[in-house]
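> Have a look; sequence and predicted model below, questions after that.
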Amino acid sequence: QERAFKKSPFVMREFRAAWIATVANINWPSKSGLSTAEQQREAIALLDFLKAHNYNAVIFQARPQADALYESELEPWSFFLSGVQGQAPEPYYDPLQFWLDAAHERGLELHVWLNPYRAHH
């Protein structure tokens with residue numbers, strides 16, 4: 001008797017990822033206090049570079065030091081965005097959602113990297 005098998009899901013053979021460190025503005029944003037448009041331009045440039053160089057994933061540091069690069073009821077906005085901890089981007093946007101959407105538009109996976117216990121860098 002022949003067994004019926006379900007089609008297997010696609011299995012990625014290689015995980016070609018780059019870390020995007022946000023603590024101390026190591027990779028993104030290049031400095032605190034950039035406008036929303038400047039932050040987004042820098043993010044797009046990094047993602048376009050990764051896509052052009054055959055990466056297939058991004059590991060994004062969304063919580064660098066007891067703060068967040070996304071809207072959170074538990075943690076304040078990151079100092080590394082505006083230069084002031086607790087200050088949301090102006091004009092408002094959610095950086096993590098922006099990175100997620102922009103990565104997916106380029107066919108890249110986005111994974112989140114957290115530093116939940118670091119109080120200060």
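Arrived safely, thanks for sending.

> so residue 114 bridges to which residues?
Listed beta-bridge partners, residue 114: residue 63 (assigned using DSSP bridges).

> May I ask you to confirm that it is in contact with residue 66?
No. With contacts defined as C-beta atoms under 8 Å, residue 114 does not count as touching residue 66, sitting 10.6 Å away. Just so you know, the C-beta spots here come from the backbone N, C-alpha and C atoms, and that holds for glycine as well.

> in stretch 15-27, what's buried?
For stretch 15-27, the neighbour count (16 or more other C-beta atoms under 10 Å) marks 17, 18, 20, 21, 22, 23, 25, 27 as buried.

> I meant to write stretch 67-80 there.
Residues 67, 68, 69, 70, 75, 77, 78, 79, 80 are the ones in stretch 67-80 that count as buried (16+ other C-beta under 10 Å).

> Does the fifth one touch residue 69 like I think?
If I follow you right, that is residue 75. No. Assessed by C-beta under 8 Å, residue 75 is found out of contact with residue 69, at 9.6 Å.

> what kind of secondary structure is the most centrally placed residue in the chain in?
Nearest residue to the geometric centre of the chain (C-alpha atoms, centre = their mean): residue 60, 3.3 Å. Counting by DSSP: H, G, I helix; E, B strand; the rest coil, the backbone at residue 60 sits in strand.

> same check, this time on residue 42
helix.

> and the nearest residue to residue 68 once chain neighbours are set aside, backbone torsions?
In this structure, residue 68 finds its nearest non-sequential neighbour in residue 75, 4.2 Å apart by C-beta to C-beta, 6 or more residues apart in numbering. Backbone geometry at residue 75, expressed as degrees, to the nearest 10, gives phi -120, psi 150.
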